[in-house]
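> Fold the following and give me the result.
(chains A, B, C, D and E)
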Amino acid sequence: MPENPLVPSVATIDRITPETAASDVKTFQVTFDDPAVMERFNYMSGQCAMLSMFGVGESMISITSSPTRRGFLEFSVKRTGRVTDVLHEAVEGQKIGVRGPYGNHFPLEMLKGKNLVFIGGGIGLAPLRSLINNVLDNRKEYGRIDVVYGARSPGDLCFKYEVLENWTKYENAQVHVTVDRGDETWTGPVGFVPAFLEQVNPSPRDAVAVTCGPPIMIKLVLQSLAKLGFTDDQIVTTLEMKMQCGVGKCGRCNVGDKYVCIDGPVFTLSQLKQLPPEF
Amino acid sequence: MLLTITADNLKSLLDKLARDSLLVAPVLEDGVTRLKPVKAASEIALDYSNTATSIKDFLFPQSEDLLRFVTDGTLSIEEIKPERAQVAFGIRPCDLASVALMDKVLTTGEYADTHYQARRKNTVLIGLACESPADTCFCTSYGYNPGHSAGADVMLYKDGDQYLAEALSDKGREVVGGPGEGLFKPADEAAGQAVKKAYAEKEVPFGKEVDVEGIDQLLDNFFDDQYWDDVSKKCLGCGTCTYVCPTCHCFLLTDEARGGEGLRFRCWDSCMFANYTKMAGGHNPRPSKKERVRQRFMHKLNYYPHRYHSYLCTGCGRCVAMCPVGLHIAGVIKDVKGVKAHA
Amino acid sequence: MRRVGVFVCWCGSNIAGTVDIEQVKAAAAKMPNVAYVEDNKYTCSEPGQAAIQKAIKEQKLDRVVVAACSPRMHENTFRRTVGGAGLNPYLLEIANIREHCSWVHPDKVAGTRKAVDLVRRAVYKVAKNVPLQRASIDVTKRALIIGGGIAGIQAALDIADAGQPVVVVEKTPSIGGHMAQLDKTFPTLDCSACILTPKMVDAAQNQNITLMTWSEVEKVDGYIGNFTVTIRKKARHVDTTKCTGCGICWSKCPAKVSSEFDLGIGKRKAIYVPFPQAIPNKPVIDEKNCIFFKTGKCKACQMFCPTGSISFDQKDELVEEKFGAIIVATGYEQWDPSPYGEYGYGRYKDVITGLEFERLVNASGPTEGKIKRPSDGKLPKDVVIIQCVGSRDEAKGIPYCSKTCCMYSAKHAILLEEKIHAHSYVFYMDVRTPGKGYEEFYKRATEEHHATYIRGRVSRVYQKGDKLVCLGEDTLLGKKVEVEADLVILASAMVHQNGASKLAQTLGISYDQNEFYTEAHAKLRPVETNTAGIFLAGACQGPKDIPETVAQAGAAASKVISLLSKPKLETEPLVAQVNEAICSGCLWCKPICPYKAIDGKVVKERIAGGKTIERPVAAVNASLCQGCGACTVACRTGAMNVLGFTNEHILAEVDALCL
Amino acid sequence: MSATFTDHQAALRDEVKKLLTDGSIKGFIGYARGRDSYHPVPAIVTRPDQVDGLILDQFSIFGLTKYLLDYIFEDGKMGIVVKGCDALGLGRLINDHRVDRNKVHVVGLPCAGVLNGEKVAKLGLGKVQRVTDKGSAFLVEGDKGSKELPKTEYLWDKCLWCENHNPAGADTLLGSEVENVAMKPRDFSDITALEKMPSAERAAFWTRQFSRCIRCYACRNVCPACNCRECVFDIADPRWVGNTVKLSEQQMFHFTRAFHVAGRCVDCGECERVCPMEIPLMKLQRKLQKDVIELFGNPKPFVPSEVEVLGQFRVTEDPEEFM
Amino acid sequence: MSVNEKAAPAAGPATNPTTATPAPEGWEPKIIGFACNWCTYAGADLAGTSRIQYPPNIRVIRVPCSGRINPQFVVRAFQRGADGVLVAGCHPGDCHYSTGNYFARRRYLLAKRFIEYLGVEPERLQVRWISGSEGQKFADTVRELTEKLRALGPQRRLRETL
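Purely as a prediction, here's the structure:
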């Protein structure tokens, strides 16, 4: 394990799964080459890791696998820039650098025993997937589970197997899926996530809502949750900001005096309201 | 224990230090005095208020190698450790104070910056009290003073044609007792204390103009103030303030590859640059000068104090002197107080 | 990661002889993105190409590097190969390890090292290649032929026969060119006029052919399929629609000047047709020599013209025409042998050039075919013919062989003997007769017509009484030779047409150091130029005899026909492209573009805060752009790029070569 | 003796107040007092109540035109005060299609030369009370002393050879035009001296200069010719110049910046003036100017024109050295 | 990495890279050539087909036109360790694109002087018009440049290695 926290360890991409029809989101299953590093890489749902494409740079990506399933890490990555471009061109067996885990995590203690509403949009489901699988792996410890998930089109839905089949098999768990625009194959609901959420109408009683997705969706989901009667303490969400170091040194990802990389990315809405409204 | 050293002996000491290790000292070159490695004491400039850039250049260099990688088919990563020991001479009190502020960020918390740590460990700081503070200096506003020695391993105070010296750490004592052996003489304690006191009480005129008191709290509810809009308009968006600042420590990581080999560097970055927060998809959470200017001053005067309980500024005055458009922290402090006073 | 396949060609021993193929392969295998390496004896051969296609499929290659000969040679070949295997043809790069390496660096160690570098360059570059698509543009179904000699006439007839309209621009008053000046043609000795004039008439009568004589090309804009050509129709002062070519005007014209067509041996009038069979058989007024233009008085021709065709006010006219293709058939000039002071050309009237002799021996020439020597009109008995006058003499700036002189000199010897039983002494350096029936023809000259061939050069010609004494050396016998001749014929070199380089610049085609136009490939593209849509026919490309000229004209015509018969043209996608996101719209690229392919446009964009703004950016017209990339350097920010030669490509290549 | 800038201060304030009040401009770019009398700083005011903060004095050197880029996508006009040299910078921005002249209200400031605040500050005259133009000198009266300062010594270098004392095409002119003559001919002797050095010595000179560079980009940000929407140095792919401050990258940076401005530089000298490390950046630009003048027969390459020197050529007149 | 000395440390002083140090044993100059496709590249091809030998020190990058050759490419080549750079295109008047080389001529008249001004020996950047028929000139140019560079030694002024 490198002494310098900025130095990644070598890992191998074992499997690449295209998630979307356009392949602009892929899930990379990764293991560290050094088993000791793998062993020590203890993470919690909601945490991130810095992926290195050497010669191009690094990108902070949330870990989408659940810590309950050990031995590998999964990252679902949307192709958005230079680093993710080359990551998307990677082939199975290729070596990359990984360092982390970074940041805080979803407050499992706070979720225990509660009814849970997971609200995700597009690739925003990635960190939630870690949490949802984590929760499902300890199904008894939680109440009713509703997953509200939307994407722009049926082709943009990620983790289709889990979303459409696997998660629905669990007891007292429901998955509600919507798309902004349907197509000839789509028979499910059509509409934006916030409005759809209001239709699903989850009860705020004994519930915690966890939401993750594009900023505009989060903004509207927060409004809808408020309408549904969720208080700020019942809402957990994540922030997204440019990062370089991931360890609270490089200075750029702060909102107020909080660094998203070490103090975030997970905040309750009441915590967020303590912070400045912008970065 | 207070010591004295003659100017000639100091030269001998510096010559020795330059010979035995990397000696960094103020050098006057093309009208600019800045810290540079020197080979002999004769290269050193002593007639300066402060150096153009600070000791930061040598503890947290503008770019430094972090690791070497080889990617031909497989991947190997070789961590690079910082270089050899160095002695820095002529560090002014404000810069000595800045080191403590940098330490808080880079060596505390869950993660330590091992490069910085190693450099800190391997650097002897020889401070030099200020004889004549510049008209841009305002260290006293933060409670520092021209004789402030905290952070120095050895502190020197010019006293007539000799120097009063004090070794303040083991590293400092090693210098005094090692290469400095025979060059220092014990000082008269009382006279020495008087010299120190004179430095500590030396007037810093601009410091009197800048009243920092309570600025951190004043800024707690200032995030949305119109002021940021007004003041940021003249910002040129260059990185001068951040790069000459002894406490600004933002950085980015960058790779450079030639063929299957390459290096990853850590380079200074500046919150004044538009690209600083620009994300991969093109979205920029701090899209205009307003957000960026606000960030810089809020960070120094509010966010950092919240986290680390001191201001991220030592009043060195570099930004006051060098900002091409006169948008500097002393002005912002005055302005905010003014705005708040009028509010 | 890419999956690049590297195919190293031996080119028989051409590459493998001086480059260690195994070492190149081993080095290539270690380069980033390289997934597969293979070598082939001849990569361009069918099995070689098949191997590439097989590897693309089996190895799932997404990029290909061929290390072989120059990309100027086989880039297109391999693009097709790669395309045939389902890859985009532009995902290919060539490493030129033959012309740039194995053929010039005999040191195998250094050569191999360089070959590895060149392969690395290609590997780094190809990694940055992206699939490119060809675009299609319209084709103007009309061809322009510059030059109305036999090459131009033949090409025009062939194109017209295929049903495509064609315009022939000829700078002299008549089509026909040099061939019209010739008497007999080797090796068959049929009369030049007898075979040429029917073609001239055909050309004049063909509905698809427009002849623009006394005209010159002034300006050429545009690009393949879409040339816009400005043609200067020089003032003829004769209304060709009214003129019947009756000849009264020139018989009445009082101004006599020496005839260019007869090379000064005969005279013509100021209003004239260059030769009796001229097409169009309508005169022009030579302003320089016309008495009216010189003095303001005369107008005899106008007075006598029965059709009122003559107008002294006519001015040059500039017409703009659109063409899809251009054939350059501007021919050659005969070199003026005056620089050879020792031969006395210009000093002694009876020293003449081969072409002058053609006029002298021609039945329709100034002497009506009687070979009267210029000085006194006597028929010569002994004639010295000197070959290689100018040709193959670097000192005279003509390093090349003019190719036709050996044959026409033999022809002259035969004609002299046949017509007036004169005896010819032919001084030669080598006799070159590669051509069907050529060697036999030369044999006839020596055996049946008793020409005396002397290997050696004439060192001096001087007058002795009414004889011209030719001093020379027979290098075979190693003896001095002295021949007293009545006439000396200099087989002077064929050189480029006057103004060839200027026309080349107008057209944007290249020419060699002898100012002959350069073909796109000496062997494989002999009638194309490097400028798409412009073709070459005849001696403008280099010395040629008639059969060769006619063959090339046909070839050029067939290229034009196939071009014009396409409904649309596919364009090279290697053109400039603007990254609008970073373009400032400063438009400094615009004045740089030689094709006027860049203009400004306005894009709408949402900026932070949600506002929609409009801003100017540069826009490239991809069908005008030829991909030179001069604009890219004017672009400070790098928003302007040339596909296939992007900044990213070139920086990667520099990096690769500097490793 | 011509009026000093300070003489126009009141008129400027009145004008700006009027323009802001009647809504013809939405903001004005001018000067305000800096940390002392010698360092006026840019000021951008948007409300009439801010106008009294605007100043004009004989030290007002800063070329303000680059600020116009902050407003190109906003509605309404910006006002700006420009001297002759600044007007060239504005011309640069307009010719580069970056600024729409119709969206700028130009207040012209005729200028007989600007005092070099850096130099004058060192004289210890204290807070400046008054500056008077004495023809060949400025009389500077401060609270700690007064001195008559010869123009040839105390003006900025560029002012000495300035041939653009009066800003062309202003919407409002402060005062009347001043005599437009250069105090001395444009002087390239420092460039020639550098050219004459042996390669290695010259290399050492530039190495020393560039090794001071901290890559703050102040030179770029102030330069009216460096007006790209996205600067090449900020573009990550392809990265022309690395982020590290290795000497070769510093040199690539300065080569590239200088060459991008070649034939487009308006000779305002702001890059060199704002450089916190005192790198003699104009020695790069003026070398290029000198060569442009000598090679392409363009006597004034610093005056923006329809097509700049590198956007044109002359077939036969351009020197041919590459045969 | 190629034959090279270690670069100056990232922090602090830039050591003077021009301080003459002798060329390493077996050092051979590395020349990057930028050649326009239509003339110089063809000229180099002709040198090949004519078997005109020249030193193997040059590696040619093919570009459409000399007008495409950004002076920044040249500096980049020096930065990456080229000892010499050849920029070559069609003779003036012969440009396949009519005018590209005229722009190139202006750019390189300036750039060549400017690169020299920064302290690079003038011999290291060679700009030449070499036509498609001048295989011999191409070979001669490369030979001449190689010999000059051999005499000058390695280029260290702009070079940087990782």
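
> going forward, measure contacts and count neighbours with C-alpha atoms only.
OK.

> Over to the nearest residue to residue B:187 once chain neighbours are set aside. Which of the three states is it?
Distances taken as C-alpha to C-alpha, 6 or more residues apart in numbering or on different chains place residue B:3 nearest to residue B:187, at 4.4 Å, with adjacent residues excluded. With DSSP: H, G, I helix; E, B strand; the rest coil as the basis, residue B:3 sits in strand.

> give me every residue that touches residue B:3.
Taking C-alpha atoms under 8 Å, 6 or more residues apart in numbering or on different chains, we find residue B:3 in contact with B:164-166, B:184-188.

> Who is residue C:320 paired with across the strands?
Judged by DSSP bridges, the bridge partners of residue C:320 are residue C:230.

> Now, of the contacts of residue B:3, which are buried?
B:164-166, B:184, B:187 (16 or more other C-alpha atoms under 10 Å in any protein chain shown).

> Let me know the closest of the residues you listed to chain A.
Distance to chain A, by C-alpha to the nearest C-alpha, is smallest for residue B:166 among these, at 32.9 Å.

> Can you name the helix or strand that that closest one falls in?
Assigned by DSSP states H and E, residue B:166 belongs to strand B:162-167.

> In this structure residue C:70 contacts residue C:99, no?
Yes - at 6.1 Å, residue C:70 counts as touching residue C:99 under the criterion of C-alpha atoms under 8 Å.

> These two: which has the busier surroundings?
residue C:99 (27 against 20; other C-alpha atoms under 10 Å in any protein chain shown).

> Relative to chain D, which residue of chain B is the closest?
Proximity of chain B to chain D (C-alpha to the nearest C-alpha) peaks at residue B:239, 4.2 Å away.

> contacting residues for residue A:115?
So residue A:115 contacts A:142-145, A:205-208 (C-alpha under 8 Å, 6+ apart).

> All the strands of chain E, in order from the start?
Remark: strands assigned in chain E by DSSP state E are E:31-36, E:58-63, E:84-89, E:125-129.

> so can I have CSV of these showing distance to chain B and mean neighbour count?
Converted to CSV, the strands of chain E look like this (distance: least, C-alpha to the nearest C-alpha, whole Å; neighbours: other C-alpha atoms under 10 Å in any protein chain shown):
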stretch, distance to chain B, mean neighbour count
strand E:31-36, 16, 29
strand E:58-63, 17, 23
strand E:84-89, 19, 28
strand E:125-129, 23, 23
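
> Chain A contacts on the stretch 151-300 of chain B?
B:223, B:249-257, B:262-264, B:271, B:276-281, B:285-286, B:291, B:295, B:299 (C-alpha under 8 Å from any C-alpha of the partner chain).

> Of the residues you listed, which belong to helices?
Assigned to helices by DSSP state H, the following of those qualify: B:291, B:295.

> how much space is there between residue C:499 and chain E?
Going from residue C:499 to chain E by C-alpha to the nearest C-alpha, to the nearest Å gives 13 Å.

> My error: substitute residue C:461 in the last question.
Separation of residue C:461 from chain E (C-alpha to the nearest C-alpha) stands at 36 Å.

> Let's verify that residue: helix, strand, or coil?
From three-state DSSP, the assignment for residue C:461 is strand.
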